[in-house]
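> Generate coordinates for the sequence data below:
(one chain, ligands or ions: 1)
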Amino acid sequence: MRSILVIGIGAGDPNYMTVGAIAALNRAEVILLPDKGEEKSGLNAVRSLILGRFATRPHRVASFAVPERRVSDTAYAESIEDWRARLEAAHAEVIARELPEGGTGAFLVWGDPAIYDGTIGLLYRLKARLDLAVEVFPGISAVQSLAARHGIALNGTGEAIHITTGRRLAAEGLVHDNTVVMLDSRDAYLGCDPGARIWWGAYLGTPDEILISGTIGEVGTRIAEMRAAARARHGWIMDTYLIRRG
Ligand SMILES: C[S@@+](CC[C@H](N)C(=O)[O-])C[C@H]1O[C@@H](n2cnc3c(N)ncnc32)[C@H](O)[C@@H]1O
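Have a look, this model is predicted:
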């Protein structure tokens, strides 16, 4: 049997590595690094920083190319199936090649592996083919980072917290008291009630962090302009926001 450790490394700041994540990192003999073309996003730079700072046991790093998702709105379901099969094949191949029987390998997952990340699901599907023991170590998500950096709680007393995507917010509207939005490529907040309050954060936990808060009517346009400018400057943007109904 091979052991696979899925380690949440936090969403940007190396200080978000938990003591448990550091201990797990140092159990691995091979770090498996999917290359998702994230070079320009700085994600791989943070992973390297974390390895340099926290890995005390000698280890190998096996970087491997993973297929890009070919998403078109019309063929969305089909392209996801096809992409998943190709992704699984790439992971199965690198595990079989790089990890001996009885060996331990680790995937370093951005933020927390339980939030909008496919690694756990993918490994559980692979268990059917490969003899794998999978352990998961939580990390500090962009969701927690957003709340901490704004110095707020995500919910009022006894209220629910809903986590969703920009695509869903645009389609469903604001139907919950407290909605955290990730993966928004379309400025979905601009379609919400102008009286609702937004706490927005980009590049959280990094030196480029930007924070803006206010009602959507007051700050929505400023956030949209800031997003466009930051994306143009960096070539990419990662942002998360909380919207609380007015
Ligand atoms: C594929 S999801 C990964 C989420 C990650 N597993 C987590 O727990 O934060 C990527 C989305 O997470 C959010 N995100 C991740 N890191 C971020 C950061 N440093 N600042 C702001 N948002 C971030 C953005 O909404 C981005 O579109």
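
> Can you point out the buried residues in stretch 80-93?
Within stretch 80-93, the residues scored as buried using 16 or more other CB atoms under 10 Å are 83-84, 87-88, 90-92. From N, CA and C alone the C-beta is placed, and that goes for glycine too.

> got JSON lines for these, with secondary structure too?
Formatted as JSON lines, the buried residues of stretch 80-93 follow (DSSP: H, G, I helix; E, B strand; the rest coil):
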{"residue": "W83", "secondary structure": "helix"}
{"residue": "R84", "secondary structure": "helix"}
{"residue": "L87", "secondary structure": "helix"}
{"residue": "E88", "secondary structure": "helix"}
{"residue": "A90", "secondary structure": "helix"}
{"residue": "H91", "secondary structure": "helix"}
{"residue": "A92", "secondary structure": "helix"}
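
> now for the helix or strand bottoming out on mean pLDDT in the chain, which elements pack on it?
Lowest mean confidence among the helices and strands of the chain (mean pLDDT, DSSP states H and E): helix 76-98, at a mean of 86. Applying 3 or more CB pairs under 8 Å, 6 or more residues apart in numbering; DSSP states H and E, one finds that helix 76-98 makes contact with strand 30-35, strand 60-65, helix 119-126.

> Of those, which is nearest T165?
T165 sits nearest to helix 119-126 of all the helices and strands packed on helix 76-98, at 16.2 Å, using CB to CB.

> quick revisit: please identify the most buried of the helices and strands packed on helix 76-98.
strand 30-35 (a mean of 19; mean count of other CB atoms under 10 Å).

> Just give me the closest of the buried residues of stretch 80-93 to A228.
For these, the nearest to A228 is W83 (28.1 Å; CB to CB).

> wait, is Y241 part of a strand?
Yes: counting by three-state DSSP, Y241 is found in a strand.

> just checking, it touches Y189?
Yes: applying CB atoms under 8 Å as the test, Y241 and Y189 come out as touching, 6.4 Å apart.

> so what's in contact with the two at the same time?
Common contact partners of Y241 and Y189 (CB atoms under 8 Å, 6 or more residues apart in numbering): 181, 198, 200, 223.

> Show me these that map onto strands.
With strands taken from DSSP state E, the overlap with the shared contacts of Y241 and Y189 comprises 181, 198, 200.

> Run through the residues of the chain sitting next to the ligand.
11-12, 110-112, 115-117, 141-142, 182-183, 201-205, 238-240 (CB under 6 Å from any ligand atom).

> at 5 Å what do you get?
11-12, 111-112, 115-117, 141-142, 182-183, 204, 238-240 (CB under 5 Å from any ligand atom).

> Quick check, the residue in this protein closest to the ligand?
Taking CB to the nearest ligand atom, the ligand has its nearest neighbour within the chain at G111, 2.2 Å off.

> Could you verify my assumption that that residue touches G139?
Yes: using CB under 8 Å, G111 makes contact with G139 at a distance of 5.6 Å.

> what residues are shared contacts of the two?
With CB under 8 Å, 6+ apart, G111 and G139 have common neighbours 8-11.

> where does the protein have low pLDDT?
Along the chain, the parts satisfying pLDDT under 70 run over 38-41, 70-78.
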